[in-house]
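Trainee: Here's my sequence, what's the structure:
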Amino acid sequence: MEQLGFLNNVNDTKEDLFCENIIKILRETDIGDDALTSFKNNKNYTTVLFGENIVCLKIKFGKKLSFFAVSPRFKKILQKNNILYTVERSTMWLRVKINKPSDIFMYKQLIIDLYNFCLELNSGDSFDCCSRYMQCSDILKCVNPYPEVYKYCKYKTKLKNGIIFYGKNRNVQN
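Mentor: Numbers count the residues shown, from 1 in each chain. Sure thing, here's the model as predicted:
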């Protein structure tokens with residue numbers, strides 16, 4: 001399996017474009033980190049991995065049927081986002097029909113929720129905050145430039161949920 005590289009060239013497949021759109025969603029929402037997102041081409045589909053190589057999605061653009069499938073472990077996230085799906089009998093993966101690569105933008109919140117959930121799964125080495133906590137509090141997001149630190153910070157989740165312990169935006173009292 002090879003890691004996909006995106007160059008926006010004429011030979012990009014629909015799967016490549018779909019993956020590029022996932023990266024766009026993560027960048028637009030300022031939560032994603034390219035180092036924590038990877039894609040692998042397999043024989044029949046492309047796999048999307050978040051965090052420490054957690055398989056979240058499979059993408060397939062076929063002649064008769066196009067879909068992305070979500071691992072059954074994330075069923076509650078699909079349900080929370082009110083997304084209609086069918087169950088693939090042989091694998092139990094949850095299929096969502098799509099027509100074109102840009103359809104993923106209709107599922108923006110799902111991608112964000114899956115990404116965040118996968119980072120939480122990898123939080124065994126997590127910590128509450130780092131030395132940049134004041135900067136993070138003032139601009140309401142994690143500013144740590146190092147993925148190996150960023151991905152384990154629990155304070156960024158608090159900030160996303162509007163819970164601010166420090167700085168000019170502090171809203172939690174002792």
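Trainee: ok, residue 96 touching residue 65?
Mentor: No: between residue 96 and residue 65 there is no contact under Cβ atoms under 8 Å: 11.5 Å. Where C-beta positions appear, they are placed from N, C-alpha and C, glycine not excepted.
Trainee: burial of residue 64, as a residue count?
Mentor: Number of residues near residue 64 (other Cβ atoms under 10 Å) recorded here: 4.
Trainee: can you check the one 10 residues further on too?
Mentor: By other Cβ under 10 Å, 20 other residues sit near residue 74.
Trainee: circling back: more neighbours: which of residue 96 and residue 65?
Mentor: Counted by other Cβ under 10 Å, residue 96 and residue 65 do not tie: residue 96 has more neighbours, with 19 against 10.
Trainee: That one: which element?
Mentor: strand 94-97 (DSSP states H and E).
Trainee: now the helix or strand just after that strand: mean pLDDT?
Mentor: Moving toward the C-terminus from strand 94-97, the first helix or strand encountered (DSSP H and E) is helix 108-121. Helix 108-121 carries an average pLDDT of 84.
Trainee: Show me the contact partners of helix 108-121.
Mentor: Residues external to helix 108-121 that are found in contact with it (Cβ atoms under 8 Å, 6 or more residues apart in numbering): 22, 25-26, 29, 31-32, 36-37, 50-52, 54, 56-57, 70, 74, 77-78, 80-81, 83, 104, 151, 157, 160.
Trainee: Go ahead and confirm residue 60 touches residue 69.
Mentor: Yes: Residue 60 is in contact with residue 69 according to Cβ under 8 Å; the separation is 7.4 Å.
Trainee: Common neighbours of those two, please.
Mentor: Residues touching both residue 60 and residue 69 (Cβ under 8 Å, 6+ apart): residue 45.
Trainee: Which of those two has more residues huddled nearby?
Mentor: Neighbours per residue, other Cβ under 10 Å: of residue 60 and residue 69, the larger number sits with residue 69, 22 against 18.
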